[in-house]
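Colleague: I'd like to go over a predicted model; first the sequence, then the structure.
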Amino acid sequence: MRGQLRFSSWLVAGTVVLGCGDDGRGDTGAGATAPTGATGATGASVTGVTGATTSEETSGEATDPTTNPDPSGTPTTTGAIGCSGDADCPTGQHCGSWSGECVPEGGCVVSEDCEGGQVCQGGMCVIGGECGAQEFELTQVVPNVMIVLDRSGSMEGDVQDSDKNRWEVAKDAINKLVTSFNEEIRFGLVTYSACVGNGCSAGTIVVPIAEFNGGPIQQFLADKGNGYLCDSGDPETSTGNTLKALVGEPQLQDPTRANAVLLITDGDESGECQDTTNGAAAAAELFAQAISVRTYAVGFADGILGSLAEIATSGGTMTPYNANNPASLELALDAIAGAVVSCTFELDFVPEDPNEIYVFFEDMVPGIANDPQNGWTYDPNTNTISFHGTACESLKSGGVVDVDVVFGCDVPIPG
């Protein structure tokens, strides 16, 4: 049975296989298939056990007393029933496809009687040859996303196609976002400005980034009505100062995962707040860090895409999102979350030789190329496999539902 990993709207059936043998190829080097793992959890995993070791591995002799291959390589089995098809065999047995002898279900005379990826040991087909038993799992590495939400007084303005104001619609959209992607993204929340001093104050982290953080974010926003908006009379759309304050922020400097900012604002940055920095310059600083932070920008009003385009370009995401009604805001947030969701998976054991890693989609040969543009790469520092470009998009779109990651054997494991 194959495992399924659930990442929001896309499914991946994941299998990690360990193959051993003299050269990692052919029947004696076929990999062991992983049974299923958890479905629908953050960091969902595929867990399994490779083929168990038999006494043949140490003695080099068959343990089945009925099997005795002769030196010429022609199989001979004492008391075996010859056959040309399954109908020739007693109930509960089938005809070995190569040996032409009746064997129990799952049984064999030689490895050629077994399915691909299996070898004959002790009269039974087993996975993985001499690999022994090893437990392992494949875990999605979920990204960090800090939502940066404008709380300036203009958020009390009207919204098309809604009887709610911008602040209320934004809260609804964020609640849906953190619910839908609660397992696939580690969220945090900043609101800006801090509404202190004489205006232009940077925002503050009101909900720190954490796993399964949808509940705390919803709880924070639940009782924040119009009275929470900063209508001080001073300039308070301090986008640049708020992004600048996140440069070097430890919560967004996690080297083991992707880190991003999701900016939601209904207006251009206050001109008075740009004396020391501006949104585009701050986004560029975030993106230029050794541990890069991308900035996604959503304009929750018409007429502000020009300034947000500079922020998105400087922040490494290139294109801002326009959202002037509830439906378009939800679509924008969903699209950004889908782009952020990880195509990186951590292995819980380190392969002896990274050059012997092979990856297959849908059991198709040849496999997916080791390619940082449209294939996969392995990072020995984090022991992760990441999919890129068209390979990642195939996973997210649901175009691929079966993935084999094979060590030491350059064929997929059917099933």
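Modeller: Everything's here; your move.
Colleague: ok, now which ones touch the closest residue to Lys171 other than its chain neighbours?
Modeller: Of all residues not flanking Lys171 in the chain, Leu221 sits nearest, at 4.8 Å (CB to CB, 6 or more residues apart in numbering). In this view, the C-beta of every residue, glycine as well, is placed from N, C-alpha and C. Going by CB atoms under 8 Å, 6 or more residues apart in numbering, Leu221 touches 171, 174-175, 189.
Colleague: which pLDDT does the model give Leu221?
Modeller: As predicted, Leu221 sits at a pLDDT of 98.
Colleague: picking that back up, and which of the contacts of Leu221 is nearest Pro326?
Modeller: Of all these, Lys171 has the smallest distance to Pro326: 11.0 Å, by CB to CB.
Colleague: so the closest one, which state does it fall into?
Modeller: The three-state label given to Lys171 by DSSP: H, G, I helix; E, B strand; the rest coil is helix.
Colleague: is it in contact with Asp223, as I believe?
Modeller: No. Using CB atoms under 8 Å, Lys171 is not in contact with Asp223; the gap is 10.6 Å.
Colleague: these two: which has the busier surroundings?
Modeller: Lys171 (21 against 8; other CB atoms under 10 Å).
Colleague: how about the nearest residue to Arg166 once chain neighbours are set aside, what does it touch?
Modeller: Excluding the flanking residues, the one nearest Arg166 by CB to CB, 6+ apart is Met155, at 4.6 Å. Listed by CB under 8 Å, 6+ apart, the contact set of Met155 reads 165-167, 170, 229, 266.
Colleague: and these as JSON lines, adding pLDDT, distance to Gly315 and neighbour count?
Modeller: Conversion of the contacts of Met155 to JSON lines gives the following (pLDDT from 0 to 100; distance: CB to CB, whole Å; neighbours: other CB atoms under 10 Å):
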{"residue": "Asn165", "pLDDT": "95", "distance to Gly315": "27", "neighbour count": "18"}
{"residue": "Arg166", "pLDDT": "95", "distance to Gly315": "22", "neighbour count": "26"}
{"residue": "Trp167", "pLDDT": "97", "distance to Gly315": "24", "neighbour count": "26"}
{"residue": "Ala170", "pLDDT": "97", "distance to Gly315": "20", "neighbour count": "27"}
{"residue": "Leu229", "pLDDT": "97", "distance to Gly315": "25", "neighbour count": "21"}
{"residue": "Asp266", "pLDDT": "94", "distance to Gly315": "19", "neighbour count": "24"}
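Colleague: next step: these restricted to strands.
Modeller: Counting by DSSP state E, the contacts of Met155 place none of their members in strands.
Colleague: hmm, back to that, got a PyMOL select line for the buried ones in the contacts of Leu221?
Modeller: Selection of the buried residues among the contacts of Leu221 in PyMOL, burial being defined by 16 or more other CB atoms under 10 Å:
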select buried, resi 171+174+189
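Colleague: list just the nearest of the contacts of Leu221 to Asn374.
Modeller: Ile174 (33.2 Å).
Colleague: part of a helix, is that closest one?
Modeller: Yes. Membership of Ile174 in a helix is supported by three-state DSSP.
Colleague: run the chain-centre distance for stretch 324-341.
Modeller: 19 Å (CA atoms, centre = their mean, to the nearest Å).
Colleague: what does stretch 343-356 give?
Modeller: Offset of stretch 343-356 from its chain centre (CA atoms, centre = their mean): 15 Å.
Colleague: and the contacts of Met155 as JSON lines, adding distance to Lys244?
Modeller: Output for the contacts of Met155, formatted as JSON lines (distance: CB to CB, whole Å):
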{"residue": "Asn165", "distance to Lys244": "28"}
{"residue": "Arg166", "distance to Lys244": "24"}
{"residue": "Trp167", "distance to Lys244": "24"}
{"residue": "Ala170", "distance to Lys244": "22"}
{"residue": "Leu229", "distance to Lys244": "22"}
{"residue": "Asp266", "distance to Lys244": "20"}
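Colleague: those in helices, which ones?
Modeller: 166-167, 170 (DSSP state H).
Colleague: give me the domain ranges for this protein.
Modeller: Listed domain ranges for the chain are 1-51+128-141+343-415, 55-127, 142-340 (source: automatic domain parsing).
Colleague: using PDB, write out every CA atom in stretch 286-301.
Modeller: C-alpha atoms of stretch 286-301 as PDB (Å, rounded to 0.1, in the frame of the first residue of the first chain):
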ATOM      1  CA  LEU A 286      14.900  41.300   3.600                       C
ATOM      2  CA  PHE A 287      15.500  39.500   0.300                       C
ATOM      3  CA  ALA A 288      19.300  40.100   0.400                       C
ATOM      4  CA  GLN A 289      19.900  38.500   3.700                       C
ATOM      5  CA  ALA A 290      22.000  35.300   3.800                       C
ATOM      6  CA  ILE A 291      18.800  33.600   4.800                       C
ATOM      7  CA  SER A 292      16.600  35.200   2.300                       C
ATOM      8  CA  VAL A 293      13.000  36.400   3.100                       C
ATOM      9  CA  ARG A 294      10.700  37.000   0.200                       C
ATOM     10  CA  THR A 295       7.900  39.600   0.400                       C
ATOM     11  CA  TYR A 296       4.500  39.000  -1.200                       C
ATOM     12  CA  ALA A 297       2.400  42.200  -1.500                       C
ATOM     13  CA  VAL A 298      -1.400  42.400  -1.600                       C
ATOM     14  CA  GLY A 299      -3.100  45.800  -2.300                       C
ATOM     15  CA  PHE A 300      -6.600  45.700  -0.700                       C
ATOM     16  CA  ALA A 301      -7.800  48.700  -2.700                       C
END
